[in-house]
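Student: With the sequence up front, the predicted model follows.
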Amino acid sequence: MIQFPMIPSVRVFQLLRPSSRLAGLGAALALFSASAASAAPPAYPQAVANSEAAARAVLARAGRESCLRGKLTRALLELSNSCEASGTRNSLCSLADKAVVVTPMSLTFMDDTSHQLLDLIRPVGSTTQASAGRVAPETEMPGEP
């Protein structure tokens with residue numbers, strides 16, 4: 001493994017020629033992606049709680065649109081990863097799998113997805129606790145284990 005001396009990344013970026021800046025940025029993103037991918041996904045209950053918090057933030061407009069987009073995208077990605085890691089297959093996991101690949105997410109799409117997330121996490125008339133990570137049995141998809 002190649003080790004680089006500890007130089008502030010902004011300084012290194014400024015030292016590069018414009019044509020090599022893009023390549024350097026791509027390499028940095030690849031390293032970041034690899035390290036992020038190696039991190040274990042959160043437990044399913046925590047991923048559900050994070051998704052609920054992100055959905056509520058979107059609907060409350062608790063931040064700039066770009067920040068809300070990032071928060072929802074990250075929560076959906078964590079949920080999708082934790083579903084896969086835990087072997088959980090239900091409508092909530094299916095929604096996360098489908099929604100996380102939509103780019104760019106419009107504000108309308110984010111609102112719709114947030115409403116769907118909350119409906120699946122806390123169905124009408126249910127006492128399901130999203131913070132406990134339980135999803136109502138009626139959200140199980142037919143034909144899936």
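Tutor: Noted; the coordinates are in hand. Note that the structure is predicted; figures quoted are calculated from it, not measured.

Student: From here on, just use CA atoms for contacts and neighbour counts.
Tutor: Fine.

Student: List the buried residues for the helix or strand harbouring residue 78?
Tutor: Per DSSP states H and E, residue 78 falls inside helix 65-86. Across helix 65-86, burial judged by 16 or more other CA atoms under 10 Å covers 68-69, 71-83.

Student: Over to stretch 108-115?
Tutor: 110-111, 113-115.

Student: What of stretch 51-62?
Tutor: Buried positions in stretch 51-62, judged by neighbour count with 16+ other CA under 10 Å: 51-58.

Student: which stretches of this structure form helices?
Tutor: 9-15, 18-38, 44-60, 65-86, 91-99, 107-121 (DSSP state H).

Student: so what secondary structure elements neighbour the fifth one?
Tutor: Under the contact definition 3 or more CA pairs under 8 Å, 6 or more residues apart in numbering; DSSP states H and E, helix 91-99 sits against helix 65-86, helix 107-121.

Student: give me that answer again for 7 Å
Tutor: Applying 3 or more CA pairs under 7 Å, 6 or more residues apart in numbering; DSSP states H and E, one finds that helix 91-99 contacts helix 65-86.

Student: residues making contact with the helix it packs on?
Tutor: Helix 65-86 is contacted from outside by 41-44, 47-48, 50-51, 54-55, 58, 89, 93, 96-97, 100, 105, using CA atoms under 7 Å, 6 or more residues apart in numbering.

Student: Residue 99: neighbour count?
Tutor: Residues within reach of residue 99, counting by other CA atoms under 10 Å, total 19.

Student: mind listing what it touches?
Tutor: Going by CA under 7 Å, 6+ apart, residue 99 touches no other residue.

Student: quick one: it from residue 76, how far?
Tutor: For residue 99, the distance to residue 76 equals 7 Å [CA to CA, to the nearest Å].
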